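1. Sharing a model prediction with you, sequence too.
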Amino acid sequence: MRSSRLPPDLTANAIARAVEVRRASNRDLIDLTESNPTRVGLSYPPDLLAPLADPSGLTYDPQPLGLMSARQAVAREWLRHGRTVRPDRVALTSSTSEAYALLFKLFCDPGDQVLVPHPSYPLFDHLTRLEAVVAAPYALDYHDAWRIDLASVEGSVNPQTRALLVVSPNNPTGSFLHREDLHALVGICRRHDLALIGDEVFFDYRLGSAPDAVSVLDQDEVVTCALGGMSKSCGLPQAKLGWIAWGGPDAPLKETIAAYEIIADSYLSVSTPIQVAAPAVFARAGEVRDQLQTRIARNLQSLTDACGRWPAATMLRTEGGWSAVVQVPAVRPEEDLVVTLVTEDGVLVHPGFFFDFPREAFLVLSLIVEPGGFDLGVARLLARACGSAG
């Protein structure tokens, strides 16, 4: 017996089964989906997490929104992007996923709806379902660059809609929220009394030209939540610290934060040691972030060059984050292609349907993979996907 909030079919899909078989046979597998920065050969300062041993972490002083010292450190992180966030408008969470769960509890009753972008990260379907909330899609369109289909957003709103979710830069399309789109989305939120949630975990990683890229906090007309975390900004997914930066009109925002505090007080999930350590970790995280930015730029250029040698492959323009999307000939279903890449070529990539691309065939790659494996994996991928069409 289990909750209907869980997927009805828990069996592994064909791709997962192929990966399991490949690994069980001890044959090499180049994982071009690797998104864990601690497993891609970066040089971490050995004492980066030494502040976790600070004796202050032995004192338990539960604060629903988090320790003020850590919230002040998060506010200073926003200053790196030229934005001022008040520490009293910062709430700490154990992860971005937890932040979503708490915000869905805050804004929604069971059966209510939140708007989510497609294509985008498939985790939203699970997180909304676990909170008994409906994820209603709106479209991102590609015309030499990804942009929000504003008509699709407006058309997805119904009386049960409570929040609009924006990911900037989006995973996997790499598209930032642009200033004119923010203005239009704020108008939609005002007309329909929606909260605006901005997932900005990849905001540090800009790749292409996006001069008018903005944060959801670059307006104060509607209640707004901007999400971030150490997982991406510091390359420390194991540190388990996320945050919500709040924005919007003073009166409704004050009420919203007070209501959120009741929810957060019921969980108190963020550990004291990571809160105490946060200021010191942030101060040195640039050493890891710089390596990630160098790796991403290097692999993006390598992928661009490789696709240039295969006319049948098209690398879609990206503005930020650490994923890339390659369109290949749709001569076979994406799942069949990815399974063949695993079984015959020893290369794992994500198929586009994992991210709800509207058609085939798209492949999604991580740009933080170790360069040698990345280049070899890309070469095998393009030869398999484009060999008969190149």
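-> Sure thing, it's come through.

2. Do a quick rundown of the strands in this structure.
-> 30-31, 90-93, 113-118, 134-142, 146-148, 161-167, 195-199, 224-229, 242-247, 314-315, 323-327, 347-348, 350-351, 362-366 (DSSP state E).

3. Thr272 touches Pro55, doesn't it?
-> No - Thr272 is beyond contact range of Pro55, at 11.1 Å (criterion: C-beta atoms under 8 Å). Placement of C-beta: from N, CA and C, glycine included.

4. neighbour-wise, which of the two wins?
-> The residue with more neighbours, out of Thr272 and Pro55, is Thr272; 20 against 7, by other C-beta atoms under 10 Å.

5. any idea how far Pro62 is from that one?
-> 8 Å (C-beta to C-beta, to the nearest Å).

6. can you dump the C-alpha coordinates of the longest helix that the chain contains into PDB?
-> Counting by DSSP state H, the longest helix found in the chain is helix 286-308. C-alpha atoms of helix 286-308 as PDB (Å, rounded to 0.1, in the frame of the first residue of the first chain):
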ATOM      1  CA  GLY A 286      34.800  31.400  -5.700                       C
ATOM      2  CA  GLU A 287      37.700  29.000  -6.000                       C
ATOM      3  CA  VAL A 288      35.300  26.200  -7.000                       C
ATOM      4  CA  ARG A 289      33.000  28.400  -8.900                       C
ATOM      5  CA  ASP A 290      35.800  29.700 -11.100                       C
ATOM      6  CA  GLN A 291      36.800  26.100 -12.000                       C
ATOM      7  CA  LEU A 292      33.200  25.300 -12.900                       C
ATOM      8  CA  GLN A 293      32.900  28.400 -15.100                       C
ATOM      9  CA  THR A 294      36.200  27.500 -16.900                       C
ATOM     10  CA  ARG A 295      35.100  23.800 -17.300                       C
ATOM     11  CA  ILE A 296      31.700  24.800 -18.700                       C
ATOM     12  CA  ALA A 297      33.200  27.300 -21.200                       C
ATOM     13  CA  ARG A 298      35.800  24.800 -22.300                       C
ATOM     14  CA  ASN A 299      33.300  22.000 -22.900                       C
ATOM     15  CA  LEU A 300      30.800  24.300 -24.600                       C
ATOM     16  CA  GLN A 301      33.400  25.300 -27.100                       C
ATOM     17  CA  SER A 302      34.500  21.700 -27.600                       C
ATOM     18  CA  LEU A 303      30.800  20.700 -28.200                       C
ATOM     19  CA  THR A 304      30.300  23.600 -30.600                       C
ATOM     20  CA  ASP A 305      33.400  22.600 -32.600                       C
ATOM     21  CA  ALA A 306      32.300  18.900 -32.700                       C
ATOM     22  CA  CYS A 307      28.800  19.700 -33.900                       C
ATOM     23  CA  GLY A 308      30.300  21.900 -36.600                       C
END
